[in-house]
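Visitor: Output the structure for:
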Amino acid sequence: MPIIEVTMLEGRSKKQKADLIAELTDAAIRAVDAPRQAVRVILREIPPEHFGVAGKSKAETT
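Guide: Have a look, this model is predicted:
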């Protein structure tokens, strides 16, 4: 059973997240011949102030 975990900054729409889940599922099916019902996708959203790049939070750089 493939389990795909994605960590991303929050702020995307419900449709964008649904599209990402669908595309990742399709990719797993193609890449490893997994049955659709066996694919799991976990999205973790984090606030921009909890994610840092080059010593600054993303909240500071956007």
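Visitor: Need the pLDDT of residue 62.
Guide: Here the pLDDT value assigned to residue 62 is 70.
Visitor: Which residue is the nearest non-sequential neighbour of it?
Guide: Closest residue to residue 62 in three dimensions, ignoring its sequence neighbours and counting by C-beta to C-beta, 6 or more residues apart in numbering: residue 48, at 6.4 Å. For glycine as for every other residue, the C-beta is placed from the backbone atoms N, C-alpha and C.
Visitor: Please work out how many residues are found near the one you found.
Guide: 15 (other C-beta atoms under 10 Å).
Visitor: Over to residue 62?
Guide: 8.
Visitor: where's it relative to residue 14, distance?
Guide: 21 Å (C-beta to C-beta, to the nearest Å).
Visitor: how much space between the residue sitting furthest away from the middle of the chain and residue 47?
Guide: Relative to the C-alpha centroid of the chain, counting by C-alpha atoms, centre = their mean, residue 55 is the outermost residue, at 23.3 Å. Separation of residue 55 from residue 47 (C-beta to C-beta): 18 Å.
Visitor: Which parts of this structure are helices?
Guide: In the chain, the segments counted as helices under DSSP state H are 14-32, 58-61.
Visitor: Pull the lowest-mean-pLDDT helix or strand in the chain out as CSV, backbone CA atoms only.
Guide: Using mean pLDDT, DSSP states H and E, the weakest-scoring helix or strand in the chain turns out to be helix 58-61, at a mean of 88. The C-alpha trace of helix 58-61 is given here as CSV (Å, rounded to 0.1, in the frame of the first residue of the first chain):
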residue,chain,number,x,y,z
LYS,A,58,8.1,32.3,4.9
ALA,A,59,5.7,34.7,6.6
GLU,A,60,8.5,37.3,6.6
THR,A,61,9.4,36.8,2.9
